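Visitor: prediction below, plus the sequence it came from.
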There are 2 protein chains.
Amino acid sequence: MGQQLEPIARMVSQLSRLPGIGQKSAQRLAYHIINMPLEDVRELATTLYNGRKAIRYCTVCGNYATESCCEICKDDRRHNGQICVVRDPRDVAAIERMHDFHGTYHVLHGTLSPMDGVGPEDIRIKELMTRLNDPGVKEIILATNPDIEGEATAAYLARMIKPMGLLVTRIAHGVPVGSDLEYADEITLAKAMEGRREM
Amino acid sequence: MGQQLEPIARMVSQLSRLPGIGQKSAQRLAYHIINMPLEDVRELATTLYNGRKAIRYCTVCGNYATESCCEICKDDRRHNGQICVVRDPRDVAAIERMHDFHGTYHVLHGTLSPMDGVGPEDIRIKELMTRLNDPGVKEIILATNPDIEGEATAAYLARMIKPMGLLVTRIAHGVPVGSDLEYADEITLAKAMEGRREM
């Protein structure tokens, strides 16, 4: 059998391309799928393909959507004057999970990274600027990641937006709730110290 | 967006049913797939479905096959008088990887387990007995797993086959006790095969 049957080898090769799935896991998954009822495999395959096909980007904010406009942008109650700027749609999902933000989002689909050749025209900054012409917009919350690229992108956006007379805020950096000070890195600790507030 | 778009939620639900993939990994995989080119997702989906559809069991030995007879049973050079009895097709793949066994296989598709209500008629023992009528068969190598069920199955088969005047051997306990054949390395498997003893 030359090691492995060709249909199985192909399954393993496809599965091992997915993130976090090595050769052994791919093999285990392939054998599992081969032992599944054919109807269940059909459902798995069509769910993945149709799911991918159904998802596009909201033309307003860049979030995942099934129509031209995402559920959040379509919801009038979410247009409260706050726009939260994030790197990618996963960040929208993370912030939505906390149920505490009631404005809309703007997904940049990347962060500025001169080293990788990513400039302001490569991420959705122009689209953000267009949205700021809406007089209802009051505050831009910069929620890019607290890493070098995220900070640089936030600084760049703040420099562009503040002259427009809008409130520009940055999410707080600090020690994560429930964590141990002892294990916090120096930069996080410095930020936490710098951002201290009177009690 | 009620947390997650429905097509994504469906992808996560399908993926999280696979073994070793929890909720978080399923989410990460779903987002990865959403960011893949549509053509690549189509290829992944069709490879899984067509792969599953193409695989059936060899009518002779019970191994995975793409035709009614598997590649090994079809190969005349493999009919050397030795039949290696294993629990499932994954074990065939494991033994083939060591390139050291040149006979044919018999896949039981299970092991005797009175506790789980699995008796001799529930696994492919009758089919094995039929194959033993071939005068070319000289040796039955029992390569069921070195665990309780595997040992019980080997003992049961030895008791049935030895009176027929055939050589019955058991792979040596080079394979760590309590482990799974599928995950044994080639050298351990080769040692186990080499150290087989008559039962």
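Guide: Okay, I see it.

Visitor: please enumerate the helices of chain A.
Guide: For chain A, the helices defined by DSSP state H cover A:6-15, A:23-34, A:38-54, A:71-74, A:89-97, A:125-131, A:148-161, A:186-194.

Visitor: what's the closest of the ones you listed to B:Ile72?
Guide: Evaluated over the helices of chain A, closeness to B:Ile72 peaks at helix A:6-15, with 14.4 Å, by C-beta to C-beta. (C-beta placed from N, C-alpha, C; glycine too.)

Visitor: go through the closest one and flag the buried ones.
Guide: Applying a neighbour-count criterion of 16 or more other C-beta atoms under 10 Å in any protein chain shown, one finds A:Pro7, A:Ile8, A:Arg10, A:Met11, A:Val12, A:Gln14, A:Leu15 buried in helix A:6-15.

Visitor: how about residues contacting that helix?
Guide: Helix A:6-15 is touched from outside by A:3-4, A:21, A:23, A:25-27, A:29-31, A:33-34, B:43-44, B:47-48, B:50-52, B:54-55, B:64, B:66, with contacts defined as C-beta atoms under 8 Å, 6 or more residues apart in numbering or on different chains.

Visitor: now these: which count as buried?
Guide: Among those, those that count as buried by neighbour count (16+ other C-beta under 10 Å) are A:4, A:21, A:25-27, A:29-31, A:33-34, B:43-44, B:47-48, B:51-52, B:54-55, B:64, B:66.

Visitor: go ahead and confirm A:Ile83 touches A:Lys138.
Guide: No - the pair A:Ile83 and A:Lys138 does not pass the contact test of C-beta atoms under 8 Å, sitting 9.0 Å apart.

Visitor: those two - which one has more neighbours?
Guide: Between A:Ile83 and A:Lys138, A:Ile83 has the larger neighbour count (other C-beta atoms under 10 Å in any protein chain shown), namely 23 against 12.

Visitor: for that one, give me its contacts.
Guide: By C-beta under 8 Å, 6+ apart, the contact set of A:Ile83 is A:Gly103, A:Thr104, A:Tyr105, A:His106, A:Leu128, A:Arg131, A:Val137, A:Glu139, A:Ile140, A:Ile141.

Visitor: now with 10 Å, please.
Guide: Taking C-beta atoms under 10 Å, 6 or more residues apart in numbering or on different chains as the definition of contact, the neighbours of A:Ile83 are A:61, A:103-106, A:128, A:131-132, A:134, A:137-142, A:161, A:166.

Visitor: check A:Ser113 too.
Guide: Under the criterion of C-beta under 10 Å, 6+ apart, the contact list for A:Ser113 reads A:Gly119, A:Asp122, A:Ile123, A:Ile148, A:Glu149, A:Gly150, A:Ala152, A:Thr153.

Visitor: taking those, tell me the two that lie furthest apart.
Guide: Spanning the widest gap among these are A:Asp122 and A:Ile148, at 16.8 Å by C-beta to C-beta.
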